[in-house]
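S.K.: Sequence isn't available, so here's the structure alone:
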């Protein structure tokens, strides 16, 4: 279990609650890391990500469920936070309140994509749940 009560853990927890983008790195069938920025929702235990169907990240997770999540650093390369965990593609949507929280967080971003919430939900139908198992990094 990841310790979010340490000084660094509390800092990462704040970032998980406040940041809009996190980098999800999966590993492809050639064992090559494949990072990509994604939207996410943190509930204090797991990270929820939505994907369109038939995307490479889904095939990668099927091949190897070990993933990492990390934030951009500050402009000087400090404030490093990496979470290592297991990803699971969910067969059904998470509970409605969690989906609502995710959609509220990204309401402006959805509009910026020229989509309605309904269109977004119809396009991004595959829920991925990442459970952090380890954490590393530093704050300067």
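M.R.: Structure's in. What do you need? Model, not experiment: these values are computed from the prediction. Numbers count the residues shown, from 1 in each chain.
S.K.: For this structure, which helix extends over the most residues?
M.R.: Taking DSSP state H as the criterion, the chain has its longest helix at helix 7-18.
S.K.: Do you have the helices of the chain handy? List them.
M.R.: Under DSSP H, the chain gives helices at 7-18, 56-63, 96-105, 107-112, 117-123.
S.K.: Can you tell me which of those helices is packed in deepest?
M.R.: helix 56-63 (a mean of 17; mean count of other C-beta atoms under 10 Å). From N, CA and C alone the C-beta is placed, and that goes for glycine too.
S.K.: follow-up on the earlier one: now for the helices of the chain, which one comes closest to residue 50?
M.R.: helix 96-105 (7.2 Å; C-beta to C-beta).
S.K.: Tell me who's in contact with the residue positioned nearest the centre of the chain.
M.R.: In the chain, the C-alpha nearest the mean C-alpha coordinate belongs to residue 40, at 4.3 Å (C-alpha atoms, centre = their mean). Residues near residue 40 by C-beta atoms under 8 Å, 6 or more residues apart in numbering: 21, 22, 24, 47, 48, 49, 69.
S.K.: If we use 10 Å, what do you get?
M.R.: Residues in contact with residue 40, defined by C-beta atoms under 10 Å, 6 or more residues apart in numbering, are 16, 19-22, 24, 46-50, 69, 102, 105-106, 128, 130.
S.K.: Can you turn the buried subset of these into a selection I can paste into PyMOL?
M.R.: Filtering these down to the buried ones (16 or more other C-beta atoms under 10 Å) takes a single PyMOL command:
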select buried, resi 16+22+24+46+47+48+49+50+69+102+105+106+128+130
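S.K.: In strands only, show me the contacts of residue 40.
M.R.: Counted as lying in strands by DSSP state E, out of the contacts of residue 40, are 21, 22, 24, 47, 48, 49, 50, 69, 128, 130.
S.K.: Between the residues you listed, which sits nearest residue 8?
M.R.: Once C-beta to C-beta is applied, the member of the ones in strands among the contacts of residue 40 that ends up nearest residue 8 is residue 69, at 15.2 Å.
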